[in-house]
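Undergrad: The following block contains a protein sequence and its predicted model.
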Amino acid sequence: MDETHLKIFIKGTTNYFGQVARDAAEIGTPYLKEDNDNVILDYSAVIGISGSYRGCVYYTAPKEMIRKLIIHMGEHNADDALCADFVGEIANTIAGNAQEELGAGFMISVPIVLAGNPGSVRFPKDAPTFVIPIIWQGSKSYLLICVGESVTA
Amino acid sequence: MKLLIVDDSTLIRRAIERFANKFQFDEIRSANNGANALKEFKNFLPDVVTMDITMPEMDGLTCVEAILREKPEVQILVISALADKSTAVEAIKRGASGFLLKPFTEETLITSLEELFEE
């Protein structure tokens, strides 16, 4: 996956926040994750990628931002369980929407959700991991893309 | 008229329920995966179902087929983030009445349900 493919996820993220939050998110300059970059906030979700591609899509966000988004969506009580649930749904939607340009071979798993800081998250080494900063109402979250094409024998 | 909402996200189930209240369903129930949806369906026998695809235990497309074997006249709106056109085509092939892409808004959900009722 190269920088051209990143545009697919940036477009998906912009569309997501535009529709759900009804308030555009600012997309920061994407960069390549270094081994010592620890991008883990209060809630994180990982989507496994299989089929014609392999790797993962990972979204991590601070509690304050997720709570605000949930209230924005009409909920009155944004508890921890709902925050974790919502981070999984954001990751699922952005990853699933990427199928529009990557095709049905870009197969996604159900989200695995992490609440709290697990210390570190290991990403596959066989593909570069791109970090896309997402700023919404002053809070910053990150979408990490670590996806390569499947190697067939 | 009864509605069954199937999605593994609590937030999405609640949003659909809130938006669908416009239609004054007699009763609304929900399930968090295909396997639980099938159990709930057999007891509840709803007229309308909204169905996610990517869920644990039983995916939504398998569940669509299983539900239609129980009650062929049920109207099923598949609501998924999977944006490749072949996904929507597959959902319709398996018997769904409509397909709505996530993320959805109150307006797009209401329009999709209205289209379902017009059929």
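TA: Sure thing, it's come through.

Undergrad: For residue A:108, give me the pLDDT.
TA: Note on residue A:108: pLDDT of 97.

Undergrad: How about residue B:28?
TA: At residue B:28, the model reports a pLDDT of 98.

Undergrad: Could you tell me whether residue B:64 really is in a helix?
TA: Yes: under DSSP: H, G, I helix; E, B strand; the rest coil, residue B:64 sits within a helix.

Undergrad: Now do it against residue B:100, distance only.
TA: Separation of residue B:64 from residue B:100 (Cβ to Cβ, to the nearest Å): 14 Å. Bear in mind the C-beta positions are built from the backbone N, C-alpha and C, glycine included.

Undergrad: same deal with residue A:32?
TA: Distance, residue A:32 to residue B:100, by Cβ to Cβ: 36 Å.

Undergrad: For the nearest residue to residue A:74 once chain neighbours are set aside, grab the count of nearby residues.
TA: Leaving aside its sequence neighbours, residue A:74 sits nearest to residue B:18 (Cβ to Cβ, 6 or more residues apart in numbering or on different chains; 6.1 Å). The criterion is other Cβ atoms under 10 Å in any protein chain shown. On that basis, residue B:18 has 14 neighbouring residues.

Undergrad: How about the one 10 residues further on?
TA: Neighbours of residue B:28 under the rule other Cβ under 10 Å: 18.

Undergrad: mind listing the strands for chain B?
TA: For chain B, strands defined by DSSP state E occupy the ranges B:2-6, B:27-31, B:48-51, B:75-80, B:98-101.

Undergrad: How about chain A?
TA: Going by DSSP E, chain A shows strands at A:26-27, A:31-32, A:43-51, A:53-61, A:106-108, A:112-115, A:130-136, A:139-149.

Undergrad: returning to that earlier point: ok, residue A:32 and residue B:100, which is more surrounded?
TA: residue B:100 (18 against 10).

Undergrad: The more buried one contacts residue B:110, correct?
TA: No: using Cβ atoms under 8 Å, residue B:100 is not in contact with residue B:110; the gap is 10.5 Å.

Undergrad: what ranges of chain A fall below the confidence cut-off?
TA: Filtered on pLDDT under 70, chain A yields the residue ranges A:152-153.

Undergrad: by contact count, what packs against the lengthiest helix in chain A?
TA: Longest helix in chain A, counting residues (DSSP state H): helix A:80-97. The helices and strands touching helix A:80-97, judged by 3 or more Cβ pairs under 8 Å, 6 or more residues apart in numbering or on different chains; DSSP states H and E, are helix A:3-16, strand A:43-51, strand A:53-61, helix A:63-72, strand A:106-108, strand A:112-115, helix B:10-20.

Undergrad: Let me know which of those is the nearest to residue B:40.
TA: helix B:10-20 (12.1 Å; Cβ to Cβ).

Undergrad: report the angle between the axes of the closest one and strand B:27-31?
TA: Interaxial angle of helix B:10-20 relative to strand B:27-31 (axes from the mean of the first three to the mean of the last three Cα atoms, to 10 degrees): 160 degrees.

Undergrad: What's the mean pLDDT across helix B:10-20?
TA: Per-residue pLDDT over helix B:10-20 has a mean of 96.

Undergrad: and that helix, how far out from the chain's middle?
TA: Chain-centre distance of helix B:10-20: 12 Å, with Cα atoms, centre = their mean, to the nearest Å.

Undergrad: do stretch B:61-77 as well
TA: Centroid separation for stretch B:61-77 versus its chain: 10 Å, with Cα atoms, centre = their mean.

Undergrad: top helix in chain B by residue count?
TA: When chain B is parsed with DSSP H, its longest helix is helix B:106-118.

Undergrad: Show which residues not belonging to that one make contact with it.
TA: Outside helix B:106-118, the residues that touch it by Cβ atoms under 8 Å, 6 or more residues apart in numbering or on different chains are B:16, B:19-20, B:22-23, B:48, B:75, B:77, B:79, B:97-98, B:100, B:104.

Undergrad: What mean pLDDT does that helix get?
TA: Averaged across helix B:106-118, pLDDT comes to 94.

Undergrad: Please spell out which residues along it are buried.
TA: B:108, B:109, B:112, B:113, B:116 (16 or more other Cβ atoms under 10 Å in any protein chain shown).
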